[in-house]
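**Student:** Okay, here's the prediction I keep looking at, along with the sequence it came from:
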Amino acid sequence: MEHVNGIDVSDWQGAVDWAAVNAAGYSFAFAKASEGAGWTGKTFAQNRSGIARAGILRGAYHMFTFDANPIDQASLFLSTAQPSGGDLPPVVDLERPTKLGPRDNVAAIRRFLDLIEARTHIPTIVYVGYYYWRDVLGSTDAFADHPLWLANYTDEPQPTVVPSVWKTVTFWQYSSKGSVGGIKGLVDLDRYLGTPAQLEALRLK
């Protein structure tokens, strides 16, 4: 299966030598910009500029929480990440616990996405794992027209547990214990499941 290697980072990784990441063969990177309605990454601005300077395709993600207003979360993400031409599509990271039922969970996420997509005019990438999709989101097909970034940790050459409503997996986070030049400690490892040209075509216009 043809793929392109990438990583995703947050404040946990601290300062990153992005030129070394590029030299190690990683062609794209997503950095955590925000979480909920009040948290922004201390390292995000540095990562955003460093990724671009190193010639790596860059993207940003927001960790969605269910205890904060979705509109406030979208506004925080947009003001922090400032998605612009050449960036990869924004990402909504779905993994936080919730006391709501699946229908309310899906409705809250939809409100967030509507505001993001009014700005970017392209579908937001949805990061989720199979069991979260099944148990927290009720196996919804509400986001099946969005690119899927699947969390599925395995040594197999392709994802093994995939939500059935998506026809394809676009990005695959296959490990949370990667070792990459330019980064101290462990880092998430990802693949874009397609060609470099197809990855380029995802970029914001």
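**Tutor:** Nice, thanks for sending it over. Not measured: the values here are computed from a predicted model.

**Student:** What segments of the protein are strands?
**Tutor:** Under the criterion DSSP state E, the chain contains strands at 4-9, 28-35, 39-40, 57-63, 91-93, 125-129, 148-151, 171-178, 187-192.

**Student:** Same list (those strands) but as CSV, adding mean pLDDT.
**Tutor:** Compiled in CSV, the strands of the chain are given as follows (pLDDT from 0 to 100):
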stretch, mean pLDDT
strand 4-9, 98
strand 28-35, 98
strand 39-40, 98
strand 57-63, 98
strand 91-93, 98
strand 125-129, 98
strand 148-151, 98
strand 171-178, 98
strand 187-192, 98
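
**Student:** how many degrees apart are the lengthiest helix in the chain and strand 125-129 in direction?
**Tutor:** As assigned by DSSP state H, the longest helix anywhere in the chain is helix 102-120. Relative orientation of helix 102-120 versus strand 125-129 (axes from the mean of the first three to the mean of the last three C-alpha atoms, to 10 degrees): 150 degrees.

**Student:** who's in contact with helix 102-120?
**Tutor:** Contact with helix 102-120 is made by 62, 64, 66, 70-71, 73-75, 77-78, 83, 89-90, 92, 94, 98, 100, 123-124, 136-138, 140, 142-143, 146, 204, as judged by C-beta atoms under 8 Å, 6 or more residues apart in numbering. In short, each C-beta sits where N, CA and C put it, glycine included.

**Student:** Please name the residues that touch the most centrally placed residue in the chain.
**Tutor:** The residue lying closest to the centre of the chain (C-alpha atoms, centre = their mean) is Val91, at 4.1 Å. Taking C-beta under 8 Å, 6+ apart as the criterion, Val91 is in contact with Phe30, Gly59, Ala60, Tyr61, His62, Thr124, Ile125, Val126, Tyr127, Trp149.

**Student:** I figured the first one hits Gln13, correct?
**Tutor:** The reference is to Phe30. No: the criterion here is C-beta atoms under 8 Å, and Phe30 misses it with Gln13 at 12.0 Å.

**Student:** Which one's more surrounded, these two?
**Tutor:** Phe30 (28 against 21; other C-beta atoms under 10 Å).

**Student:** Model confidence for Met1, exactly?
**Tutor:** In the predicted model, Met1 carries a pLDDT score of 79.

**Student:** Give the closest residue to it in space, chain neighbours not counted.
**Tutor:** Leaving aside its chain neighbours, Met1 sits nearest to Gln158 (5.5 Å; criterion: C-beta to C-beta, 6 or more residues apart in numbering).
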